[in-house]
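**Q** my questions are about this predicted structure, shown below with the sequence.
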Amino acid sequence: MTWYVRLWKFITLAHGSGGKETEELVKNLIVHSVPPELWKVEGGTGLDILDDAALIPAGENRYIAVTVDTYTVKPIFFPGGDLGRLAASGTINDLLMVGARPLAVLDGVVVEEGFPIEDFKKVMESFIRTLAEERVALVGGDFKVMPKGQLDGIVIASMGIGMVEGKPIVDTEIRPGDKIIVSGYLGDHGAAILAAQQSIGVDLGVESDVKPLTGLMLPLLERYRGSIHGAGDPTRGGLAMLLNNWAEKTKTVIVVDESRTPVRPQVREYAEMLGVDPFSLASEGAAVLAVEPSKAEEIVEYMHSLGFKEAAIIGEVYEPKDPRHAGRVLLKSVTGGVRILEPPSGELVPRIC
C-alpha cells in the first residue's frame, strides 16, 4: 500500500473523479483485498486487468462480458442528455469496448424521498428508450427509496451483459507500433456538465456527446476485430487517464499529437480558463482505439463512412528506450514542445457521470 493511501482518513470527492485517487483506492483497498485466484474466472479477465468489462469463457472463442457502473450525474437533466440516457449509454459502451455485442441490462435505482414523480418518469423513460433503440433488453432490477436528506435526488446502478463471438478486445494486447485513433471530439460531456454545475452564465454552445456507440463499434468489430488491439471510452479522467492506464498496463510509451486531437475550441478555452486540462474532461460518446498500424488509415476512412467525420489518428505506441520511461504518455504540443500528459488528480468535475 502506498504511503499516501495510508494517510487517508476519509473518502473525498477526488476518490470518485476517475483519476489517480480512484485508481489507488480501488487497487489498494478493494482489488488487493481479494485473493488473486478470485480476480477472474479461469480463462477470462477481471480484476487482474481492470478493463471496461470482465470476460467469462463460454465455449470456444466465446465469452460472456459483464460490466457494472453507478451513475450520479448532477444535474440529472443537462444539455444533450439526462441521467437515464447516460446510464444506458455508458453500460452499452463498456460492453462494446471489450468487443461484445450488448444483450441485456439490469438496473438498481435508489431515489430520495420527495423526489418528483415527473422527473423520475422522464429519467426512466429515457433509460428504457435508449436501451430499446439499441435492441438491448432490460431483464431485471431493484428499486429503493432513501429518507429525505440521506440521498441527493436519484442514483442509477446499471449492470450490462454481452456476448463476445471471436477474439475479445483486451487492453493488455496493445503493443509498440499501434496507432491511436479517436472517433470524434473529446471533452464535450465534461465541458457541458462543468458549465451546468458552475452556473456562471457561460453559453458554451456545446452539448454532452452522450450516446451509445453501437453504430460505430459493431461494424468495426465485424470488419476489423483482429486489427483492434485496445478500445476504451474516455469517460471519467478523459483521454489522459485512459492512455495512462494503457501505457501502465503494457509498459509502453504513448505519444499523442495535440494538433491532430479533436477538441472543440470553446471546450479547450473554457477548460483552460478554469485550470482544467481539456484532455482530462470526460466524453460519453467517443471511442479511443489502438490498432494495427497497417490498417489505421483504412479504419479511419471506414469510421468516416459510418458518420464519425472527426475520427483521426492522434498518436502511436512506442517501446520505451529507457525502462524507467515505461508507462508514460507524452503530448506533442501545437507549439512544438513535448510534455508529460499526467493522469488527472484531485476534484476535476464531481458527479460527472
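**A** Happy to help now that I have it.
**Q** helices along this protein, start to end?
**A** Along the chain, counting by DSSP state H, helices occupy 3-7, 20-25, 83-96, 117-133, 188-198, 214-224, 238-250, 265-273, 296-305.
**Q** what distance do you get for Arg85 to Arg260?
**A** 30 Å (CB to CB, to the nearest Å). C-beta here means a position set from N, CA and C on the backbone, and glycine is covered the same way.
**Q** more neighbours: which of the two?
**A** Arg85 (23 against 14; other CB atoms under 10 Å).
**Q** thought that one was touching Glu207?
**A** No: the criterion here is CB atoms under 8 Å, and Arg85 misses it with Glu207 at 11.8 Å.
**Q** deepest-packed of the helices of the chain, please.
**A** Mean neighbour count (mean count of other CB atoms under 10 Å) peaks for helix 83-96 among the helices of the chain, with a mean of 28.
**Q** please save the CA atoms from it in CSV.
**A** Output in CSV follows, covering the C-alpha atoms of helix 83-96 (Å, rounded to 0.1, in the frame of the first residue of the first chain):
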residue,chain,number,x,y,z
LEU,A,83,-29.2,10.6,-16.2
GLY,A,84,-31.2,7.9,-17.9
ARG,A,85,-29.6,8.2,-21.3
LEU,A,86,-26.2,8.4,-19.6
ALA,A,87,-26.7,5.2,-17.6
ALA,A,88,-27.9,3.2,-20.6
SER,A,89,-25.2,4.5,-23.0
GLY,A,90,-22.4,4.0,-20.5
THR,A,91,-23.4,0.4,-19.9
ILE,A,92,-23.7,-0.4,-23.6
ASN,A,93,-20.4,1.3,-24.4
ASP,A,94,-18.4,-0.6,-21.7
LEU,A,95,-19.6,-3.9,-23.3
LEU,A,96,-18.7,-2.7,-26.8
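**Q** avg pLDDT for that helix?
**A** What helix 83-96 shows for mean pLDDT is 98.
**Q** tell me where the protein has strands.
**A** Counting by DSSP state E, the chain has strands at residues 54-57, 62-71, 77-78, 81-82, 101-112, 137-146, 154-165, 179-182, 228-232, 253-257, 288-291, 312-318, 329-332, 338-340.
**Q** show me what the fourth one is packed up against.
**A** Applying 3 or more CB pairs under 8 Å, 6 or more residues apart in numbering; DSSP states H and E, we find strand 81-82 packed against helix 117-133.
**Q** now do the helix it packs on against helix 83-96, angle only.
**A** Using axes from the mean of the first three to the mean of the last three CA atoms, to 10 degrees, one finds that helix 117-133 and helix 83-96 are set 30 degrees apart in direction.
**Q** contact partners of helix 117-133?
**A** Residues from elsewhere that reach helix 117-133 (CB atoms under 8 Å, 6 or more residues apart in numbering): 76-77, 81-85, 87-89, 92, 105, 107, 109, 111, 137-138, 154, 156, 212.
**Q** Gln266 is nearest to which of the strands of the chain?
**A** Of all these, strand 77-78 sits nearest to Gln266, with 16.4 Å by CB to CB.
**Q** average pLDDT for the closest one, rounded please.
**A** Averaging pLDDT along strand 77-78 yields 96.
**Q** returning to what we had before: switch the strands of the chain over to JSON lines; also include distance to Glu118 and mean neighbour count.
**A** JSON lines is the format used below for these (distance: least, CB to CB, whole Å; neighbours: other CB atoms under 10 Å):
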{"stretch": "strand 54-57", "distance to Glu118": "37", "mean neighbour count": "21"}
{"stretch": "strand 62-71", "distance to Glu118": "19", "mean neighbour count": "20"}
{"stretch": "strand 77-78", "distance to Glu118": "11", "mean neighbour count": "18"}
{"stretch": "strand 81-82", "distance to Glu118": "13", "mean neighbour count": "22"}
{"stretch": "strand 101-112", "distance to Glu118": "13", "mean neighbour count": "19"}
{"stretch": "strand 137-146", "distance to Glu118": "16", "mean neighbour count": "13"}
{"stretch": "strand 154-165", "distance to Glu118": "12", "mean neighbour count": "22"}
{"stretch": "strand 179-182", "distance to Glu118": "38", "mean neighbour count": "25"}
{"stretch": "strand 228-232", "distance to Glu118": "36", "mean neighbour count": "25"}
{"stretch": "strand 253-257", "distance to Glu118": "44", "mean neighbour count": "20"}
{"stretch": "strand 288-291", "distance to Glu118": "37", "mean neighbour count": "26"}
{"stretch": "strand 312-318", "distance to Glu118": "42", "mean neighbour count": "21"}
{"stretch": "strand 329-332", "distance to Glu118": "45", "mean neighbour count": "21"}
{"stretch": "strand 338-340", "distance to Glu118": "48", "mean neighbour count": "11"}
